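> sequence and predicted structure, then a few things I'm wondering about:
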Amino acid sequence: MADDASPVCSTCGLTATTEAEVTHARLTWSSGLERGRRTWTCERCARENLRGIEGKLDSQWW
Ligand SMILES: [Zn+2]
């Protein structure tokens, strides 16, 4: 099995297990590369990350 066959959210540990979930995850999760390894962030965590980044930006502006 390929390493990226089952995306696992690096933030909350959510794992795509069924074929449908894997397909869905590949389309909607954010993927990145960390030291040559693929990392995944599920939809929910990506959204919360965005909010967190926006929050940080907001506080930096002040
Ligand atoms: Zn997650």
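Good, I have the coordinates.

> contacts only, for the closest residue in space to Thr41 that isn't next to it in sequence.
Closest residue to Thr41 apart from its sequence neighbours, by C-beta to C-beta, 6 or more residues apart in numbering: Ser30 at 4.4 Å. C-betas here are computed from N, CA, C, even on glycine. By C-beta atoms under 8 Å, 6 or more residues apart in numbering, the residues touching Ser30 are 40-41, 46.

> now swap in Ser10 and tell me
39-41.

> if we can go back for a sec, could you export the contacts of Ser30 as JSON lines, including neighbour count and pLDDT?
Converted to JSON lines, the contacts of Ser30 look like this (neighbours: other C-beta atoms under 10 Å; pLDDT from 0 to 100):
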{"residue": "Trp40", "neighbour count": "22", "pLDDT": "94"}
{"residue": "Thr41", "neighbour count": "20", "pLDDT": "95"}
{"residue": "Ala46", "neighbour count": "16", "pLDDT": "93"}
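
> can you list contacts of the one helix or strand in the chain whose mean pLDDT sits lowest?
Every helix and strand in the chain was compared by mean pLDDT, DSSP states H and E; the lowest is helix 43-61, with a mean of 81. By C-beta under 8 Å, 6+ apart, the residues outside helix 43-61 that reach it are 9, 11-12, 14, 28-30, 41.

> filter those residues down to just the ones in strands.
Assigned to strands by DSSP state E, the following of the contacts of helix 43-61 qualify: 30, 41.

> reformat the contacts of helix 43-61 as JSON lines; add distance to the ion.
Output for the contacts of helix 43-61, formatted as JSON lines (distance: C-beta to the ion, whole Å):
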{"residue": "Cys9", "distance to the ion": "3"}
{"residue": "Thr11", "distance to the ion": "4"}
{"residue": "Cys12", "distance to the ion": "3"}
{"residue": "Leu14", "distance to the ion": "5"}
{"residue": "Thr28", "distance to the ion": "12"}
{"residue": "Trp29", "distance to the ion": "8"}
{"residue": "Ser30", "distance to the ion": "10"}
{"residue": "Thr41", "distance to the ion": "6"}
